[in-house]
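In: just a sequence and a predicted model for now, questions to come.
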Amino acid sequence: MCNYQYLTRELSSLTCSITVEEVIHDKDGKCIFHSEDYEFKVANGIIAHFKEFCEKIIKDAYTQSKTPHFSFAEFILVPHDGSLSIFKNLELDGYVDFRNSKINYFTFSNIIFGEYVNFNGSKFGGPIRFADCEFESLALNEIEYDHLYIENCKFRNQFIFNKSKSNGYTDINNSIFEGFTSINDCEFSAELEHTGLNIEKCEFKSLVDILDNHSEQEVRFTKLIFNKQSRISDFKTYNRFSLTNSEIKDNFQINSSYPKEKLFNNVSEILLDEEKIQGVVILENINYFNLSKPSRDLLESLEKKEKVVFGSGVLKYRVSSEMKTILLTDENQELLLELTEVFSRYFSGENHMNFGIQIYERTPTQITFFYFSNDDISREIFEGLINSTEPRFWNLIKNQQQSVTNSTLPDKILKATDTLIDIASIFLKLTSRLPLGKISEAEINKILQSINVNNQPSINARNVINLTVNNINKSNNQSILLGINNHQEIK
């Protein structure tokens, strides 16, 4: 009997039960499948022995009228010269256990697996191919491999592919998945000229979860059919991502669940035919402008037809500032928003460009937001404009009379006056809350920081208090409080 001691936790108290009568053993007393003597393996035709061993298991099970059990855990099926081994034309109608095996340059062709097939923890060297196979369920968890091909296969129950790592490319095509499909927490790497993950011409008849994966190279989903609710979530791509020419027959979600990690870090594509969307495509927390223009145009058209929904965190802007999170009570957040709205109007008028604020997240204790524009400028220039506009904004209230007399144009006078009234109103609200304990000077400073990217505003809480008090002291002359020159006639 083979003296190989299993390392797999569930089998660690056992040794291999394969006898000398079943297959040959090496000089160390290990069967040809567990032997680490590669010359011995090749000289004695390990692949032929493997097929004969499978046929023997099938024959013995048939003789005893029981379901066969294929115990291949920790087998080493490694050709020494890198040649491709083909294992084909068999029906393995029983549990197949390949856990923690080493398999190199191997093709499983036209194999019908009648029950669960378990490759968990295995290491595949060179290309591994499953072609024209049928599976009840296939588990590929925590495997390491170079290149993996799955083509023309059928999965009657589950396909579970989790926590695995590739050193090459992964290609799944022309296959049918009738049960639940899970591709989670995998790392897909490839040489520059290859796709990290390609899934093409497949049909998924049940739920699909593609979650928390990572790829340095292109990720491509094309000519697929999704019959049930499915999602692609938290797929970290540093190259192109594409979903094209596919049928969506139920709700389909593409999103990132990490607030500060948007999906799509490179030029990407989502190109779908309206006629092939029966459910709704939901996009959340994505870098919208990293989608190709044809993709954006199509998605906006589909949104109007209620085929696409843009959910939270979709950056539909050409440029945005860094997200800013400020800790404030819900009541004082309203004052912050009031200030940012006044600043947004002022910025747009001063710089003659589109400008706005987007609330990303709001809770009773903090608010997260950013500024955006659809003008085609870099983030560096955009944030520079914010910082240079902010002191001019505050100068309106510091130099009230000069602010409205710098121009003779009525429209500009009115805009400056409106902005002054808005700022003075906000200052009065802030200052009036201090003696009531509803706000502190530190919180006022946080609100003032909201319109400056580098958190160093050119005005502080003490300035706000002094300016407000001065205006109140001069309130007998209302025109000064409002920033209107005494010599201007009010009609």
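Out: It's in.
In: please make it C-alpha for all contacts and neighbour counts, starting now.
Out: Will do.
In: contact partners of the strand ranked longest in the chain?
Out: Longest strand in the chain by number of residues (criterion: DSSP state E): strand 102-113. With contacts defined as C-alpha atoms under 8 Å, 6 or more residues apart in numbering, strand 102-113 is touched by 74-79, 82-94, 96, 122-136.
In: count of neighbours near the residue nearest to E441 when sequence neighbours are not counted?
Out: Leaving out its chain neighbours, the residue that sits closest to E441 by C-alpha to C-alpha, 6 or more residues apart in numbering is A461, at 5.5 Å. A461 sits with 20 neighbouring residues when counted by other C-alpha atoms under 10 Å.
In: equivalent analysis for K316, please.
Out: K316 has 17 nearby residues by other C-alpha under 10 Å.
In: ok, and for stretch 436-444, which residues are buried?
Out: Buried positions in stretch 436-444, judged by neighbour count with 16 or more other C-alpha atoms under 10 Å: 439-441, 443-444.
In: if we can go back for a sec, you'd agree the residue nearest to E441 is up against I447?
Out: No. Checked against C-alpha atoms under 8 Å, the pair A461 and I447 is beyond contact range at 9.3 Å.
In: how about K415, phi and psi?
Out: phi -60, psi -40 (degrees, to the nearest 10).
In: list the contacts of the residue nearest to E441.
Out: Contacts of A461 (C-alpha under 8 Å, 6+ apart): 441-442, 444-445, 448.
In: out of these, list just those in helices.
Out: Within the contacts of A461, residues falling in helices by DSSP state H are 441-442, 444-445, 448.
In: could I get the residues you listed as a markdown table with distance to N455?
Out: Below are these laid out as a markdown table (distance: C-alpha to C-alpha, whole Å):
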| residue | distance to N455 |
| --- | --- |
| E441 | 15 |
| A442 | 13 |
| I444 | 13 |
| N445 | 9 |
| L448 | 9 |
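In: of all the residues you listed, which comes closest to D297?
Out: L448 (38.0 Å; C-alpha to C-alpha).
In: check what pLDDT that closest one gets.
Out: Here, the pLDDT recorded for L448 equals 90.
In: so it touches N463, yeah?
Out: No. Contact criterion C-alpha under 8 Å: L448 and N463 do not qualify, at 10.8 Å.
In: these two: which is more packed in?
Out: A count of neighbours by other C-alpha under 10 Å puts L448 above the other of L448 and N463, at 22 against 13.
In: so who does the more buried one touch?
Out: By C-alpha under 8 Å, 6+ apart, the contact list for L448 reads 336, 457, 459-461.
In: 10 Å instead?
Out: 336, 339-340, 390, 442, 455-461, 464 (C-alpha atoms under 10 Å, 6 or more residues apart in numbering).
In: repeat that for N255.
Out: 211, 231-235, 262-264, 282-286, 311-314.
In: thinking again about what came up before, okay, and the common contacts of A461 and I447?
Out: With C-alpha under 10 Å, 6+ apart, A461 and I447 have common neighbours 430, 441.
In: how many residues are close by the residue lying closest to D209 once chain neighbours are set aside?
Out: Distances taken as C-alpha to C-alpha, 6+ apart put S182 closest to D209, at 4.9 Å, once the chain neighbours are dropped. For S182, the count of nearby residues is 17 (other C-alpha under 10 Å).
In: for the stretch 301-450 of the chain, which spans come out with low pLDDT?
Out: 315, 399-412 (pLDDT under 70).
In: what number of residues lie near N290?
Out: 21.
In: what about the spatially closest residue to it that is not a sequence neighbour, how many neighbours?
Out: Closest residue to N290 apart from its sequence neighbours, by C-alpha to C-alpha, 6+ apart: V267 at 4.8 Å. Residues within reach of V267, counting by other C-alpha under 10 Å, total 17.
In: wait, isn't V267 in contact with P294?
Out: No. Contact criterion C-alpha atoms under 10 Å: V267 and P294 do not qualify, at 11.7 Å.
In: related to what we said a few turns ago, separation between the residue nearest to N290 and S175?
Out: 28 Å (C-alpha to C-alpha, to the nearest Å).
In: same check, this time on Y371
Out: Counting by C-alpha to C-alpha - Y371 and S175 are separated by 45 Å.
In: again, but for R433
Out: R433 is 66 Å from S175, by C-alpha to C-alpha.
In: what's the answer for T417, then?
Out: For T417, the distance to S175 equals 68 Å [C-alpha to C-alpha].
In: settle it for me: which of the two has more neighbours?
Out: Legend: neighbour count by other C-alpha under 10 Å for T417 and S175, higher for S175 (23 against 20).
In: residue contacts, that one?
Out: S175 touches 131-134, 150-155, 199-204, 224, counting by C-alpha under 10 Å, 6+ apart.
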